[in-house]
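1. return a 3D structure for these sequence lines:
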Amino acid sequence: MDAVTACTAATPANTTRPALLRDLGRQGYEPVWHAMQQFTDSRGDATTDELWVVEHDPVFTLGQAGKDEHVLAPGDIPVLHVDRGGQVTYHGPGQIVVYPLLDLRRLGIGVRDYVCRIEQAIIDTLDEWNIGAERLDGAPGVYVGGAKIAALGIRVRRGCSFHGLAFNVSLDLEPFHRINPCGYAGMQVTSVLDLGGPSGIEAVKAVLLSHLAQQFGLALQPTPELPDLTTRL
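-> Residues are numbered from 1 along each chain as shown. Alright, predicted model coming up:
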């Protein structure tokens, strides 16, 4: 992901494809991670794309390039080494995590464009509350006044994406002081609530999902059926 730098303005897709939307509620990280892997490994050319949205129990995750030295003092929060790109980040209640499980080849989207579209959806979401956000060259994610409000960590296998984005809405930011966020010592982190936006995660989630659907040309179809997180969908 270090090669992904400046984005041109992302133009929303002009076609629409169906995609299932699964709201997983609050879940531990590891079962969702393994279910994502299984879904991606078993999907075929005709498999319908899905978006999973979740709040995770507190956890630090280290990406494939992650260095243990960036985990300063985890305390009672577990640390997991995972197979996404990027360094270390924190997940916890009050943070929206979205996993786009998309066939990028079928959508005609390259990895760079994929990252840019996710960032644009977050920027457009924040604009709903008059919060001006931006990208920083060489540092994937979304920032407000230099402080990170959303992190990206993705993986693409056989042209299909998994892992995704973490968007700080109303979570306790203290655990970020226990790490070097995304591998940067002293990086400031912020949240929608701290910037005067709503504290209710559902309001922000609805807007974010709408903008993600627009960017990728998806007609989201909510399903009450949750994946079996102990095995496979």
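2. need the CA coordinates for stretch 214-225. CSV is fine.
-> The C-alpha trace of stretch 214-225 is given here as CSV (Å, rounded to 0.1, in the frame of the first residue of the first chain):
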residue,chain,number,x,y,z
GLN,A,214,-22.2,5.0,-5.0
GLN,A,215,-18.4,4.8,-5.5
PHE,A,216,-18.5,1.2,-6.4
GLY,A,217,-21.8,1.1,-8.2
LEU,A,218,-23.4,-1.3,-5.8
ALA,A,219,-27.1,-1.8,-5.1
LEU,A,220,-26.9,-2.9,-1.4
GLN,A,221,-29.3,-5.6,-0.4
PRO,A,222,-29.4,-6.0,3.4
THR,A,223,-29.7,-9.6,4.5
PRO,A,224,-30.8,-10.7,8.0
GLU,A,225,-28.7,-13.9,7.6
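3. ok, the residue most central in space within the chain - contacts?
-> Closest to where the C-alpha atoms of the chain average out (Cα atoms, centre = their mean) is residue 165, at 0.9 Å. Residues near residue 165 by Cβ atoms under 8 Å, 6 or more residues apart in numbering: 97-98, 118, 122, 150-152. All C-beta spots, glycine's among them, are computed from the backbone N, C-alpha and C.
4. which regions of this protein lie under the pLDDT threshold?
-> Applying pLDDT under 70 to the chain flags residues 1-6, 8-14, 230-233.
5. hey, where'd the strands end up in it?
-> 17-27, 49-56, 59-62, 79-81, 88-91, 95-101, 134-136, 139-144, 147-157, 160-168, 218-222 (DSSP state E).
6. of all the ones you listed, which lies closest to residue 111?
-> Across these, residue 111 has its closest neighbour in strand 147-157 (5.8 Å, Cβ to Cβ).
7. for the closest one, name the packing helices and strands.
-> Judged by 3 or more Cβ pairs under 8 Å, 6 or more residues apart in numbering; DSSP states H and E, strand 147-157 is in contact with helix 111-127, strand 139-144, strand 160-168.
8. okay if I get the ones you listed as CSV plus distance to residue 225?
-> Shown next, in CSV, are the helices and strands packed on strand 147-157 (distance: least, Cβ to Cβ, whole Å):
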stretch, distance to residue 225
helix 111-127, 25
strand 139-144, 31
strand 160-168, 19
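9. burial of residue 110, as a residue count?
-> Other residues lying near residue 110 total 12 when counted by other Cβ atoms under 10 Å.
10. who's in contact with the closest residue to it other than its chain neighbours?
-> Excluding its sequence neighbours, the residue lying closest to residue 110 (Cβ to Cβ, 6 or more residues apart in numbering) is residue 104, at 7.2 Å. Residue 104 is in contact with 110-111, 114, 156, 159-161, counting by Cβ under 8 Å, 6+ apart.
11. still on that earlier bit, among the contacts of residue 165, which one sits closest to residue 185?
-> Closest approach to residue 185 among the contacts of residue 165 (Cβ to Cβ): residue 151, at 15.9 Å.
12. what about that closest one, distance to residue 86?
-> Residue 151 sits 7 Å away from residue 86, going by Cβ to Cβ, to the nearest Å.
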